[in-house]
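J.: predicted model and sequence below, questions to follow.
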Amino acid sequence: MTPRRFAGPKLVLATHNAGKVREVAALLAPWGIEVVAAGALGLPEPAETEDSFLGNARIKALAAARASGLPALADDSGFSVAALDGAPGVRTADWAETPHGRDYAMAMAKVEKLARHSPDRRAWFSCALVMAWPDGHTEGFLGEAHGQWVWPPRGTNGFGYDPMFVPDGHDQTFGEMTPEAKHAISHRAAAFAQLSAACLPVR
Ligand code: IMP
């Protein structure tokens, strides 16, 4: 079946994470699509009950599309470490949770503590992007960025686990790279390339 294309003019970004809103809005900018953040519409955050990135992105995109009556785009993403059998994976955000909000310095330290005795430093980011329509139709895409985890964390750009990840073929962490350099090779950009080819208006 041919994928359904977004016909505009407005798209809800079904994420409450400021870092992801910034990155996805930047990726969408060339299309001139009007982007509304789920937070700005007061949409609730549904529970992420699936055990895959695509499953959880689908839950978030469908909830936002149904509640707003507009097409919605959701991102579900995470960081996986080979020595930890892919953890934290879909639980990446949970590992940063504290009673006072998310603490990524603590979450990165947890990863390092559990993985430090393994010689296997491979790690990867995954990003699922799902577009949903109010009638329940969805289209989903998965992107990955492979590399190594490093310690101590380096750089203050980006967000989340960026400072402890060096992508293959590079020396800088995602936290040290400019946003443009990260966008050229990131898991989110890889998923977005597929999504834009299939679901965004041809430019
Ligand atoms: P989600 O809201 O369940 O998708 O949580 C995603 C988690 O993965 C959050 O903790 C993010 O900080 C982390 N994450 C996702 N993408 C990136 C990225 O590009 N850089 C750093 N951390 C990321």
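T.: Cool, the structure landed. Predicted, not measured: the structure shown is a model, and the values here were computed from it. Numbers count the residues shown, from 1 in each chain.
J.: report all helices and strands that whatever helix or strand Ala67 lives in contacts.
T.: Assigning secondary structure by DSSP states H and E places Ala67 in helix 53-68. Helices and strands touching helix 53-68, by 3 or more CB pairs under 8 Å, 6 or more residues apart in numbering; DSSP states H and E, are strand 10-13, strand 72-81, strand 122-132, strand 138-149. From N, CA and C alone the C-beta is placed, and that goes for glycine too.
J.: ok, 6 Å please
T.: The criterion is 3 or more CB pairs under 6 Å, 6 or more residues apart in numbering; DSSP states H and E, and the helices and strands that helix 53-68 contacts are strand 72-81, strand 122-132.
J.: distance of the residue of the chain found nearest the ligand from Gly19?
T.: Closest to the ligand within the chain is Gly160: 2.2 Å, counting by CB to the nearest ligand atom. Plainly put, Gly160 is 6 Å away from Gly19 if you go by CB to CB, to the nearest Å.
J.: ok, and the closest non-adjacent residue to the residue nearest in space to the middle of the chain?
T.: Within the chain, the residue whose C-alpha comes closest to the C-alpha centroid is Ser77; the distance, by CA atoms, centre = their mean, is 3.7 Å. In space, Ser77 comes closest to Cys127 once its chain neighbours are excluded; the distance is 4.2 Å by CB to CB, 6 or more residues apart in numbering.
J.: specify the beta-bridge partners of that neighbour.
T.: According to DSSP bridges, the partner residues bridging Cys127 are Ser77, Gly143.
J.: what about it, how many residues close to it?
T.: Each residue near Cys127 was counted by other CB atoms under 10 Å, and the total is 25.
J.: one more: Gln172?
T.: When counting by other CB under 10 Å, one arrives at 15 neighbours for Gln172.
J.: contact partners for Gly147?
T.: Under the criterion of CB atoms under 6 Å, 6 or more residues apart in numbering, the contact list for Gly147 reads 165-168.
J.: that older thread, just the helices and strands packed on helix 53-68: most buried one?
T.: Across the helices and strands packed on helix 53-68, averaging neighbours per residue (mean count of other CB atoms under 10 Å) puts strand 72-81 on top, at a mean of 27.
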